[in-house]
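A.B. asks: Structure of the sequence below:
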Amino acid sequence: MCGKLNFRGKDLRPGDVLPIFKQKFKWSGFARRESKQDWLKKKWSVALIPVASFVEHEKRIAVSENQKLAIMLNKTTRQFRVVTRHATEAESNLIDHHRIPVFIRDKEIVHFA
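C.D. replies: Residues are numbered from 1 along each chain as shown. Have a look, this model is predicted:
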């Protein structure tokens, strides 16, 4: 799924703090894209952040500069969750997991089906 993220040159793991939007948010897990409406009802919001890479099972996967990682933020509890989706067969074989983080291209409109 995503054991680590490289954000601004630093590897982060679940439980670590991410400094964004002039605040600090704790990585509290993952949010399935399929459950986006449930997260929004609970007062979480979608945000996009730049990451250089992510790691799953010690395999580091580089992320294109024109893509951003989709996360769900809760500004009240100062937590964030990485949005994930079902991996394609090729992606699953590459990272050895059935879920993968959601990345959005800079100019792509954010829609979660």
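A.B. asks: give me the element the spatially closest residue to Gly15 that is not a sequence neighbour is part of.
C.D. replies: Closest residue to Gly15 apart from its sequence neighbours, by C-beta to C-beta, 6 or more residues apart in numbering: Trp27 at 6.2 Å. Any C-beta I mention is one placed from the backbone N, CA and C, and that applies to glycine too. Element membership for Trp27, per DSSP states H and E: strand 23-32.
A.B. asks: So which bits of that strand are buried?
C.D. replies: Neighbour-count burial for strand 23-32, counted by 16 or more other C-beta atoms under 10 Å, picks out Phe25, Trp27, Ser28, Phe30, Ala31, Arg32.
A.B. asks: repeat for stretch 3-16
C.D. replies: Neighbour count says stretch 3-16 has Lys4, Leu5, Asn6, Phe7, Leu12, Pro14 buried, by 16+ other C-beta under 10 Å.
A.B. asks: For this protein, just list every one of the helices.
C.D. replies: 36-41, 89-95 (DSSP state H).
A.B. asks: right, so of the ones you listed, which gets closest to Arg105?
C.D. replies: Among the helices of the chain, the nearest to Arg105 by C-beta to C-beta is helix 89-95 (16.6 Å).
A.B. asks: a markdown table for the helices of the chain, including mean pLDDT and mean neighbour count?
C.D. replies: Below are these laid out as a markdown table (pLDDT from 0 to 100; neighbours: other C-beta atoms under 10 Å):
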| stretch | mean pLDDT | mean neighbour count |
| --- | --- | --- |
| helix 36-41 | 84 | 14 |
| helix 89-95 | 89 | 13 |
